[in-house]
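K.L.:
here you go, sequence then predicted model.
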Amino acid sequence: MNFSDFITNHGKRVKKEAFIHLVQVSKTDGQMNNEELELLHKEGKKFGLTDPEIDKLLHSEKNHSYHPPYSLDEKFEHLYNIAEMILADNVVKESEKKMIKRFAIEAGFSDKTIEILLDLLLEGVRKGEDEEILLHQFKKKLHG
């Protein structure tokens, strides 16, 4: 295996783990509705997964450890995707809030930053705001 194969395989593994976390979020409330399934297929394809891979991961019950992305932009994107999943049914349950908060903690955000981040994400996604705009707003709030 050459180095570029390692990068490609590693990249796909990381994307698959991120997708699995979205699946876990969708299952937090004990049911997966059509809106969540559609969003999972859309996000899975963005991650470069095929429909059979997506379907297999949707039915996987394994818990996977979370390996957060390194950069702020990638961490924000992942949490944005989770917020989209949470809001797919237009209802934010307490268990879903706890899960996105857990991912934010594991991604290395401080308690103070998490409150700002989650409020911005959940409200922004609810209003249909673009991820890039929300990221810009978040960076602005972080740096005063």
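P.N.:
Yep, that arrived.
K.L.:
helices and strands around the helix or strand harbouring residue 55, which ones?
P.N.:
Take DSSP states H and E as the rule and residue 55 turns out to sit in helix 51-58. Secondary-structure packing of helix 51-58 (3 or more Cβ pairs under 8 Å, 6 or more residues apart in numbering; DSSP states H and E): helix 3-26, helix 34-46. In this view, the C-beta of every residue, glycine as well, is placed from N, C-alpha and C.
K.L.:
mean pLDDT lowest for which of the ones you listed?
P.N.:
Per-stretch averages of pLDDT across these put helix 3-26 at the bottom, with a mean of 57.
K.L.:
pLDDT below threshold where in this protein?
P.N.:
Applying pLDDT under 70 to the chain flags the ranges 1-15, 28-30, 61-68, 144.
K.L.:
for the nearest residue to residue 32 once chain neighbours are set aside, the count of nearby residues, please.
P.N.:
With Cβ to Cβ, 6 or more residues apart in numbering as the criterion, residue 32 has its nearest non-adjacent residue at 5.0 Å, and that residue is residue 26. Look at residue 26: counted by other Cβ atoms under 10 Å, it has 23 neighbours.
K.L.:
same thing with residue 114?
P.N.:
Neighbour tally, residue 114, other Cβ under 10 Å: 18.
K.L.:
what strand or helix carries it?
P.N.:
helix 111-126.
K.L.:
name the residues that touch that helix?
P.N.:
76, 79-80, 83-84, 86-87, 90, 92, 97, 100-101, 104-105, 109, 133-134, 137-138, 141-142 (Cβ atoms under 8 Å, 6 or more residues apart in numbering).
K.L.:
ok, stretch 35-48 next?
P.N.:
Contact partners of stretch 35-48, identified using Cβ under 8 Å, 6+ apart, comprise 12, 15-16, 18-19, 22-23, 26, 32, 51, 53-54, 57-58, 81, 84-85, 88-89.
K.L.:
try 7 Å this time
P.N.:
Identification of contacts with stretch 35-48 by Cβ atoms under 7 Å, 6 or more residues apart in numbering yields 12, 15, 18-19, 22-23, 26, 54, 58, 81, 84-85, 88-89.
K.L.:
send the alpha carbons of that stretch over as PDB?
P.N.:
In PDB, the C-alpha atoms belonging to stretch 35-48 read as follows (Å, rounded to 0.1, in the frame of the first residue of the first chain):
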ATOM      1  CA  GLU A  35     -36.800  13.000   7.600                       C
ATOM      2  CA  GLU A  36     -33.900  11.600   9.600                       C
ATOM      3  CA  LEU A  37     -33.400   8.700   7.100                       C
ATOM      4  CA  GLU A  38     -33.400  11.100   4.100                       C
ATOM      5  CA  LEU A  39     -30.900  13.400   5.900                       C
ATOM      6  CA  LEU A  40     -28.700  10.400   6.800                       C
ATOM      7  CA  HIS A  41     -28.600   9.200   3.100                       C
ATOM      8  CA  LYS A  42     -27.800  12.800   2.000                       C
ATOM      9  CA  GLU A  43     -25.000  13.200   4.500                       C
ATOM     10  CA  GLY A  44     -23.700   9.700   3.900                       C
ATOM     11  CA  LYS A  45     -23.300  10.500   0.200                       C
ATOM     12  CA  LYS A  46     -21.400  13.700   1.100                       C
ATOM     13  CA  PHE A  47     -19.000  11.500   3.100                       C
ATOM     14  CA  GLY A  48     -18.500   9.400   0.000                       C
END
